[in-house]
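Student: Structure for this input, please:
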Amino acid sequence: MSVKENLASVLQTIPPHVKFVAVSKTMPNEAIMEAFDAGQRHFGENKAQEIIRKQQELPSDIQWHFIGHLQTNKVKFIAPFVDLIESVDSLKLLREINKQGEKAERIVPCLLQFHIAEEETKFGLDLSEAKELIDAIEKEQMQNIQIKGVMGMATFTENEDQVRKEFKQLKKYFEIIKAEHFQDKDGFKEISMGMSGDYLIAIEEGSTIVRIGSSIFGERNYSK
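Tutor: Coordinates of the predicted model:
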């Protein structure tokens, strides 16, 4: 099946209220354009150099999501254009995003990344660390950041009960933070969870953003 056909097939499984991000990391511009020409506008990348190059080469109305671990020294390159940084996992990174957002004269939308998986390799915050970051935004008057919600990745396992439990945990974190810090702010509304293998469970558990790559573009060739 083509990218266009894969896209149409996946979109049939996603309700209208859920935002769908096509994860285009390692994919050539031609594949991205095939999805773009079929109507897709949200694309996700996890390497700063790659998202910078693609943003320069591809249509300006693409909405770019940065979904990988972001190094502070790369923030200045993506802050002027990125639609959403989904992976804020430290105060140091948060301060740098605010600083570069100020320089770019824009408010940078962000999600707080939580560690919900049992795997040690995943980055992310726990609840107390997330609250510290939110407190710091208020105390330090970081006016060039907008926290729009939370993000997390479940354990890579075929145990659906475990995956569901981890998604439920992220939804709970979202609800706690919403009640304590963003009760009167409509902008805090996103729960980004669910990828190609588990997005249907994520949607059942309250996801508002799913990130799907291989089901659209096929398996990646990381040797390029």
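
Student: contacts, neighbours, all on C-alpha from now
Tutor: Will do.

Student: Residue 16: neighbouring residues, count only.
Tutor: 10 (other Cα atoms under 10 Å).

Student: That one belongs to a strand, doesn't it?
Tutor: No: checked against DSSP: H, G, I helix; E, B strand; the rest coil, residue 16 lies outside a strand; its state is coil.

Student: distance of it from residue 141?
Tutor: As defined by Cα to Cα, to the nearest Å, residue 16 lies at a distance of 35 Å from residue 141.

Student: any low-confidence regions in the chain?
Tutor: Across the chain, residues meeting the criterion (pLDDT under 70) sit at 121-122, 220-224.

Student: residues of stretch 184-199 that come out buried?
Tutor: For stretch 184-199, the neighbour count (16 or more other Cα atoms under 10 Å) marks 188, 189, 190, 191, 192, 193, 194, 195, 196, 198, 199 as buried.

Student: could these be laid out in TSV, adding distance to residue 105 and secondary structure?
Tutor: Compiled in TSV, the buried residues of stretch 184-199 are given as follows (distance: Cα to Cα, whole Å; DSSP: H, G, I helix; E, B strand; the rest coil):
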residue	distance to residue 105	secondary structure
188	21	coil
189	24	coil
190	24	strand
191	26	strand
192	26	strand
193	29	coil
194	32	coil
195	33	coil
196	35	coil
198	37	coil
199	35	helix
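
Student: Just the element for the residue nearest to residue 199 when sequence neighbours are not counted, please.
Tutor: With sequence-adjacent residues excluded and distances taken as Cα to Cα, 6 or more residues apart in numbering, residue 199 is closest to residue 210, at 6.2 Å. When secondary structure is defined using DSSP states H and E, the element that contains residue 210 is strand 209-212.

Student: Also residue 50?
Tutor: helix 48-57.

Student: Packing partners of that helix?
Tutor: Secondary-structure packing of helix 48-57 (3 or more Cα pairs under 8 Å, 6 or more residues apart in numbering; DSSP states H and E): strand 63-66, helix 75-78.

Student: Mind giving me the packing neighbours of the last one?
Tutor: It refers to helix 75-78. Contacting helix 75-78 under the criterion 3+ Cα pairs under 8 Å, 6+ apart are the following elements: helix 48-57, helix 91-103.

Student: who's in contact with that helix?
Tutor: Outside helix 75-78, the residues within contact range by Cα atoms under 8 Å, 6 or more residues apart in numbering are 48, 51, 52, 96, 97, 100.

Student: how close does the residue lying closest to the last one once chain neighbours are set aside sit to residue 70?
Tutor: Nearest residue to residue 100 in three dimensions, chain neighbours excluded: residue 76, at 5.5 Å (Cα to Cα, 6+ apart). Applying Cα to Cα, one obtains 11 Å for the distance of residue 76 from residue 70.

Student: Repeat that for residue 192.
Tutor: 17 Å.

Student: Equivalent analysis for residue 55, please.
Tutor: Going from residue 55 to residue 70 by Cα to Cα gives 17 Å.
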